[in-house]
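> build me a model:
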Amino acid sequence: MASLGFHSIIAELRKLGVGVERFFNGKFAGVSLESGRRIENFPIISASVAYEPDLISILSVFKRWKMSHSWQDRFESEEPVFGVGGALSYINPLIFSGIADWVVLGDGEPVVEYLVRECRNYVSHGDRRRLWEKLAEHESIYVPPIHRDQILSGNQVPRKKSVLTDMDKAYGKSLWVTSGAAFGRTVLVELQRGCRRRCNYCTIPMSFGPVRVRSLDRVLEDISNVSHIGDIQIGLVTPEAGDYPGLPELLAYLKKTEQAVSFASLRVDNMTEDMVEAVVRSKRFGLTVAPETGTDRLRALCGKPFDNSLIVDKLMMARFIGVKQVKLYFMVGLPGEENSDIDSIPELCREIRGKTGLRIRASVGIFVPKPLSHWEMASMIGVEEAFSKIKRLKASFAEKTLKGCSISVQEPREALLEYALSWSGAESIDLPDETSRRSLMQIINREWPDKRLVREQLELIGFGRASCQ
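Okay, here's the model as predicted:
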């Protein structure tokens, strides 16, 4: 409900006159929000998929709808066509090879008009093979029914990520707000795509194209158009807010118009007094920053060359301005990690707490090597090792000297599931009648995916590192 990509593509479709109705998992799964029509009455279904676990949601709802998640089975039983877009299509579209009839690669805006035209033609002629063939003619659409066997045979299938070069043409803001959504009454406004940073664990610099920014005038227009809505805040969407060239002027406008603002996360070495003041002025007294590690050495290996002293200094500044609590993102299982790096996480929290008085929430995830990140071929730690590292951390945070500091950790099996899906996809998953966490773990009980083979297959469609730089 809150996804800006979901909103944007719906806006583009409606602009082209497409009748779009929304479906969500839950009590009324299988009937549309707009009219209550059942899913099987729609010839074409699409989904915006942002995260690997969303694949499980797709399989789950298809099962509830009593529809096949296989494009082959849907073809044979004349069930609806299913297409995919979203963040995962930028990184590894092959994970949809057994599920989707088509996958839009990269930015959807430059592709949507072609896609709509061919889907309209399909609704008229009803020939699914003809639809596949026409969609395959577009260089930014991957069509598994046509391309999959070619890739498995080692043949080149040249595809190219769609890139919206003029970001002022992007819809760029939320279509709706609702208190029940993940971000509540927040109007999301996009500032830029792509990232100039080179964090080794991150897929964005290599996957999402060059840095492209929306003009300040366009952003201010979006904000002014929703200023009449009461009880909202503006959520700035960008890989790194401090890199947006118009940020000082934007924050000044929001201050002048007395509009609340929020950031997803702030990069410590880019955090300014104006940014913190904007958050506090919006009556939000917590910040989220991502040190990633507790040691300068390992942080530098990650691609974040700032030290602990800068983290402490910036958070002291934030405390002085009015921030009361901070959420710190860390990872364990990073390449080059030692036990001392694990122990440094509570030590850094203890230092920040002692010098700033901030309440601290350490959120600890497990490093997952992703396709098209610099560390894509790095090893993934196993369940036992992950549990051992987390146990070590929890014991440290239980000490009395860490009063005012708490910890939350990612479940190791969830990280391993994410890893398996990142490289293998969900093609061979067969969900039991009742989906449960335990049943999903069957995926990671298989052998680790052959990442080199997946990498070779991605090269065949032009998703190699060289072609993405």
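
> and this structure, what are its domains?
4-152, 167-428 (automatic domain parsing).

> mind putting the ones you listed into CSV with mean neighbour count?
Where you see a C-beta, it was placed from the backbone N, CA and C, and this is true even at glycine. As requested, the domains of the chain are exported to CSV (neighbours: other Cβ atoms under 10 Å):
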stretch, mean neighbour count
domain 4-152, 18
domain 167-428, 18
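
> closest one to Glu456 among those?
Among these, domain 4-152 comes nearest to Glu456, with 9.4 Å by Cβ to Cβ.

> the closest one: end-to-end distance?
Domain 4-152 has an end-to-end distance of 34 Å (Cα to Cα, to the nearest Å).

> avg pLDDT for that domain?
Taken as a whole, domain 4-152 has a mean pLDDT of 93.

> mind checking how far that domain is from the chain centre?
How far domain 4-152 lies from its chain's middle: 18 Å, per Cα atoms, centre = their mean, to the nearest Å.

> go on, stretch 147-155?
Worked out by Cα atoms, centre = their mean, stretch 147-155 lies 28 Å from the chain centre.

> distance to Glu456 for the domains of the chain - can I get that in TSV?
Putting the domains of the chain into TSV (distance: least, Cβ to Cβ, whole Å) gives the following:
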stretch	distance to Glu456
domain 4-152	9
domain 167-428	12
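
> from the centroid of the protein, which residue is nearest?
Among the residues of the chain, the one closest to the centroid is Ala50, at 4.6 Å (Cα atoms, centre = their mean).

> for Ile461, which of the domains of the chain is the nearest?
Ranking the domains of the chain by proximity to Ile461 (Cβ to Cβ) places domain 4-152 first, at 6.6 Å.

> show residues contacting stretch 242-259.
With contact meaning Cβ atoms under 8 Å, 6 or more residues apart in numbering, stretch 242-259 is reached by 191-192, 195-197, 211, 213, 215-216, 219-220, 223, 227, 233-234, 236, 238, 241, 260-261, 266-267, 270-272, 274-275, 278, 281.

> take the residues you listed and keep only those in helices.
Residues of the contacts of stretch 242-259 located in helices (DSSP state H): 216, 219-220, 223, 274-275, 278, 281.

> which one of the domains of the chain lies closest to Arg159?
In terms of Cβ to Cβ, the element of these nearest to Arg159 is domain 4-152, at 5.7 Å.

> kindly export stretch 395-414 (C-alpha atoms) in CSV.
Extracted C-alpha coordinates of stretch 395-414, given in CSV (Å, rounded to 0.1, in the frame of the first residue of the first chain):
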residue,chain,number,x,y,z
ALA,A,395,25.1,-11.5,25.9
SER,A,396,27.0,-8.2,25.6
PHE,A,397,23.8,-6.2,25.4
ALA,A,398,22.4,-7.9,28.5
GLU,A,399,25.2,-6.4,30.6
LYS,A,400,24.3,-3.7,33.1
THR,A,401,26.8,-1.3,31.6
LEU,A,402,24.6,-1.1,28.4
LYS,A,403,21.6,0.2,30.2
GLY,A,404,19.6,2.4,27.7
CYS,A,405,20.8,0.3,24.8
SER,A,406,18.7,-2.5,23.3
ILE,A,407,19.2,-4.9,20.4
SER,A,408,17.0,-6.5,17.7
VAL,A,409,18.4,-9.1,15.4
GLN,A,410,17.5,-10.7,12.0
GLU,A,411,16.5,-14.3,12.2
PRO,A,412,19.4,-16.2,10.6
ARG,A,413,17.2,-18.5,8.6
GLU,A,414,15.4,-15.5,7.1
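
> off-centre distance for that stretch?
For stretch 395-414 - counting by Cα atoms, centre = their mean - the centre lies 25 Å from the chain centre.

> quick one: the helices in the stretch 51-200 of the chain?
Under the criterion DSSP state H, counting those that start in this stretch, the stretch 51-200 of the chain contains helices at 54-64, 71-76, 88-91, 109-125, 128-136, 144-152.

> okay, the angle between the fourth one and helix 128-136?
Following axes from the mean of the first three to the mean of the last three Cα atoms, to 10 degrees, one obtains 160 degrees for the angle between helix 109-125 and helix 128-136.

> begin at 285 from here
That works, and once the first residue is 285, the last one we named lands at helix 393-409.

> list the contacts of helix 393-409.
Taking Cβ under 8 Å, 6+ apart as the rule, helix 393-409 contacts 292-293, 296-297, 300, 302, 327-328, 365, 367, 386, 388, 412, 414-415, 418-419, 422, 424-425, 446-448, 453-455.

> re earlier: dump the helices of the stretch 335-484 of the chain into JSON lines; add distance to Val667 as well.
Shown next, in JSON lines, are the helices of the stretch 335-484 of the chain (distance: least, Cβ to Cβ, whole Å):
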{"stretch": "helix 338-348", "distance to Val667": "18"}
{"stretch": "helix 355-360", "distance to Val667": "33"}
{"stretch": "helix 372-375", "distance to Val667": "24"}
{"stretch": "helix 393-409", "distance to Val667": "40"}
{"stretch": "helix 412-420", "distance to Val667": "40"}
{"stretch": "helix 428-436", "distance to Val667": "31"}
